[in-house]
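Peer 1: what's the 3D shape of this:
(one chain, ligands or ions: 2)
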Amino acid sequence: MSRRQHLFDAVVWVGTTVFLAIGLGRSADAATASADPYVAECGSCHVAYPAKLLPAGDWARVLARLDRHFGVDASLDADTLAQVAHHLGAHVGDTGGTAPLPRITTMRWFLGEHGELSAGTFRSPAVKSAANCAACHPGAERGQFDEHSVRLPASVARTQTSGEEHEHEHESED
Ligand code: HEC
Ligand code: HEC
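Peer 2: Numbers count the residues shown, from 1 in each chain. Ligands and ions are numbered 1, 2, ... in the order given. Next comes the predicted model:
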């Protein structure tokens, strides 16, 4: 397909979405939902975590136990489950077991990358939980986590830097 064709398709798509949003109000949500079931179903309570953040086997375990999902019921019908599994590169099988569900926030790399944050930061009212990536990474859903796009909530940023004089030295270096 040519670039021009892509552009045309994008314009038509945007146009259609705007039309639906204006003309149909609430049902625009349904249009978005059908466009990407993963974001619609797995991004309603927390950010739709990018697939690359967990190994496929861990995603399969999460999907196998959606009825007991970290204290909530996040069950999906079979069709939607299949679409979500496809998005995550996971095979749905009897991989549930009784072991605790895998978490992104307990993985070694996660703890390493966030080691500098003070203990109370993740529990602060503005953040609530380490799982709430979007509180500090506005581009989380698009997989944007690089240090230049990190934005700590103002209340947290204050407590993080108070009493840490060397923080300023560090900042003036770059
Ligand atoms: C009804 C609300 C709800 C829905 C829908 C939902 N979740 Fe969750 N999810 C939660 C809650 C609550 C937690 C625990 C968050 C915390 O510890 O702060 C969680 C945590 C997670 C975690 C672990 C985050 C961590 O700490 O690393 C993963 C992975 C996850 N969800 C994946 C999914 C996937 C995949 C879907 C879609 C199939 C989904 N969730 C749909 C409520 C939901
Ligand atoms: C309380 C704020 C906060 C929350 C919540 C948070 N992060 Fe971070 N994250 C940071 C900070 C601060 C850094 C370090 C940036 C730096 O390198 O200086 C970071 C770094 C990272 C990095 C490394 C980026 C790089 O290129 O160096 C990744 C990946 C990341 N976070 C993913 C996540 C994911 C996934 C979640 C949710 C499951 C999450 N973070 C939740 C604040 C947060």
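Peer 1: Please verify my assumption that Ser149 contacts Cys136.
Peer 2: No. Assessed by C-beta atoms under 8 Å, Ser149 is found out of contact with Cys136, at 9.5 Å. Heads up, the C-betas are built off the backbone N, CA and C, glycines and all.
Peer 1: Have a look at those two and say which one is more surrounded.
Peer 2: Neighbours were counted for Ser149 and for Cys136 using other C-beta atoms under 10 Å; Cys136 has more, 22 against 13.
Peer 1: now the strands: where do they sit in this protein?
Peer 2: Remark: no strands are assigned in the chain by DSSP state E.
Peer 1: Run a quick neighbour tally on the residue nearest to Val72 when sequence neighbours are not counted.
Peer 2: Nearest residue to Val72, sequence neighbours excluded (C-beta to C-beta, 6 or more residues apart in numbering): Cys45, at 7.1 Å. For Cys45, the neighbour count with other C-beta under 10 Å is 12.
Peer 1: same check, this time on Ser129
Peer 2: Ser129: 12 neighbours (other C-beta under 10 Å).
Peer 1: and if you look at Ala135?
Peer 2: Neighbours around Ala135, by other C-beta under 10 Å: 21.
Peer 1: contacting residues for it?
Peer 2: Ala126, Val127, Lys128, Pro153 (C-beta atoms under 8 Å, 6 or more residues apart in numbering).
Peer 1: can we see that at 6 Å?
Peer 2: Val127, Pro153 (C-beta atoms under 6 Å, 6 or more residues apart in numbering).
Peer 1: and stretch 142-150, does that touch ligand 1?
Peer 2: No. Using C-beta under 6 Å from any ligand atom, stretch 142-150 stays clear of ligand 1, coming no nearer than 13.4 Å.
Peer 1: mind giving me the domain ranges of the protein?
Peer 2: 1-35, 37-102, 104-170 (automatic domain parsing).
Peer 1: how far away is the nearest residue to Val127 once chain neighbours are set aside from ligand 2?
Peer 2: Nearest residue to Val127 in three dimensions, chain neighbours excluded: Ala135, at 4.5 Å (C-beta to C-beta, 6+ apart). According to C-beta to the nearest ligand atom, to the nearest Å, Ala135 stands 5 Å off from ligand 2.
Peer 1: all helices for this protein, in order.
Peer 2: In the chain, the segments counted as helices under DSSP state H are 3-24, 27-35, 37-42, 56-64, 78-88, 108-113, 154-161, 166-173.
Peer 1: Give the burial count for the residue nearest to Lys52 when sequence neighbours are not counted, as a bare number.
Peer 2: The shortest distance from Lys52 to any non-neighbouring residue, by C-beta to C-beta, 6+ apart, is to Gly143 (6.7 Å). When neighbours are defined as other C-beta under 10 Å, Gly143 has 13 of them.
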